[in-house]
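Colleague: Here is my input, please return the structure:
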Amino acid sequence: MECNQLLTTVFRNSIIEVTPSQVRSRLKEVVGLTLSASHQEFKDCIAHVVEMVRNDKKKLPEQLEEVQRKLAQMQLEEIKNIEKGKSKKVLPV
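Modeller: Residues are numbered from 1 along each chain as shown. Coordinates of the predicted model:
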């Protein structure tokens, strides 16, 4: 039985090691995944983490676009504030 558990652990670790780094780092955070999880739990956990990483990658362009939009708004506000400051300095003369 111990030999079987050892082979299962080695097999599961080898599967985890060939996954992309984002998936691998999340899987390594799961306690007992390679030792005490059943075969079904192991498969479900890997599928879940892979799906989460894929969803994160899909959201990335939207998040980038939102950050760029907010940055442009902040820059525009800064330019407006600078222009207001210049116009106030000109008025008292």
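Colleague: Which helix or strand contains the residue positioned nearest the centre of the chain?
Modeller: With distances taken as Cα atoms, centre = their mean, Asp56 lies nearest the centre of the chain, 5.7 Å away. With secondary structure defined by DSSP states H and E, Asp56 is part of helix 39-90.
Colleague: For that helix, which helices and strands make contact with it?
Modeller: Applying 3 or more Cβ pairs under 8 Å, 6 or more residues apart in numbering; DSSP states H and E, one finds that helix 39-90 contacts helix 2-17, helix 21-28. Yep, even glycine has a C-beta here, placed from its N, CA and C like the rest.
Colleague: Please work out the average pLDDT along stretch 77-86.
Modeller: Computed over stretch 77-86, the mean pLDDT rounds to 85.
Colleague: sorry, that was for stretch 7-25
Modeller: Average pLDDT, stretch 7-25: 93.
Colleague: same check, this time on stretch 37-49
Modeller: The model assigns stretch 37-49 a mean pLDDT of 93.
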